[in-house]
Each structure stands twice: as structure tokens, then as C-alpha cells.
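# Need coordinates for the below:
(chains A and B)
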2 protein chains.
Amino acid sequence: MKARVYVTLKNGVLDPQGRAIHHALEGLGFSGVEDVRAGKLIELSLADGTSDADIEAMCRKLLANTVIENFRIERIAA
Amino acid sequence: MKARVYVTLKNGVLDPQGRAIHHALEGLGFSGVEDVRAGKLIELSLADGTSDADIEAMCRKLLANTVIENFRIERIAA
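Predicted coordinates:
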């Protein structure tokens, strides 16, 4: 069984990594870039029967810092 | 206009970050985790009219290291 976890910064939280990417894109001559937000994509291969509650607990305890980050879990059909 | 870029390591490429997450999950008592692959999620706010070719060029030039990484572009309806 596979699941994907998308971790993104909450709105209003400063994103230095996104800002650095934004500046670099402009430096490479890409105009029209208004904003860049960087996040994490974590692909988990899990034993069958792993519950949503387990995956949510993995996110809350380790994969996302819920003070400044949101997470979204997507199960992937095997 | 918004677009999301998903950057993941190519199969077979060693993923030390994924491995560290895997060990940490096991250390927290989560059994049943078979593998973990870490990647990047980049959300771009772009001027209307930015072409697919432009976004692909951003990926090839900066957002992804195409030697070891794959990227996937997803346009988000405004």
C-alpha cells in the first residue's frame, strides 16, 4: 500500500526557501513569477492494513510541524 | 495562475533523507513502514499566459536536477 503526504507552509508563514527560488528564477530571466512556496512531498510504502489514523499520527508526530505546516494525505491505489 | 511542481528522486537513486525519516518513524514505534521517499512540492504563482514551455524550462534549469530527479507539472485552476 502506498500513500503520499503533501506538507506545505501555512499561509502567512515566511518562506525563505520559496523566496530564494523566486529570486533565482528571476535571475535566470523568468519574468512573470509572482510568488513561490516550497513544501515537501513524502511517499510512504506501508504494510497493507495501515490505518488512516496511523498515517495521520506519523504526520503529526514527525512528517509535519503542525504549528507552521499543513499536511494532506493521499492514498495511492496499489 | 497557479501551478504545482512535484519533484521526486528517480528510482534507484539513494535517498538518505527518506531513509532518515524511515528510521525516525520506526524509532517512534510506527511498524509497517516499508519505504520512504522524500521529494519537493513547489507552488508557483505565475502571471496569466505563462506557457507550459516556460514552466518546463523553470523545472529543467532550476527546480529539478534532471540527472537524478523527475518532475511533474500540475496546473491549478484559478
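
# From now on I want contacts and neighbour counts done on CA atoms only, so please keep to that.
OK.

# list the buried ones in the helix ranked longest in chain A?
Longest among the helix segments of chain A by residue count, using DSSP state H, is helix A:16-27. Taking 16 or more other Cα atoms under 10 Å in any protein chain shown as the neighbour-count basis, helix A:16-27 is seen to contain the buried residues A:18, A:21, A:22, A:25.

# Report whether it contacts chain B.
Yes. Judged by Cα under 8 Å from any Cα of the partner chain, helix A:16-27 and chain B are in contact via A:18, A:21, A:24, A:25.

# ok, now stretch A:3-14?
Yes. Judged by Cα under 8 Å from any Cα, stretch A:3-14 comes into contact with chain B at A:6, A:8.

# so residue A:36 sits in a strand?
Yes. Judged by DSSP: H, G, I helix; E, B strand; the rest coil, residue A:36 forms part of a strand.

# Contact partners for it?
Under the criterion of Cα atoms under 8 Å, 6 or more residues apart in numbering or on different chains, the neighbours of residue A:36 are A:18, A:19, A:21, A:22, B:42, B:43, B:44, B:45.

# cutoff 10 Å now
If a contact means Cα atoms under 10 Å, 6 or more residues apart in numbering or on different chains, then residue A:36 has A:15-23, A:25, B:2-4, B:42-46 as its contacts.

# Nearest to residue A:68 among the residues of helix A:16-27 next to chain B?
Each of those was scored against residue A:68 by Cα to Cα, and residue A:18 proved nearest at 14.7 Å.

# so that closest one makes contact with residue A:37?
Yes. In this structure, residue A:18 sits in contact with residue A:37. The criterion is Cα atoms under 10 Å, and the distance is 4.6 Å.

# So for these two, which residues contact both of them?
Joint contacts of residue A:18 and residue A:37 (Cα under 10 Å, 6+ apart) are B:42, B:43, B:44.

# Strand B:33-46 and the one helix or strand residue A:45 maps to, what's the angle between them?
For residue A:45, the enclosing helix or strand under DSSP states H and E is strand A:33-46. Angular relation of strand A:33-46 and strand B:33-46 on a 0 to 180 degree scale: 170 degrees, by axes from the mean of the first three to the mean of the last three Cα atoms, to 10 degrees.
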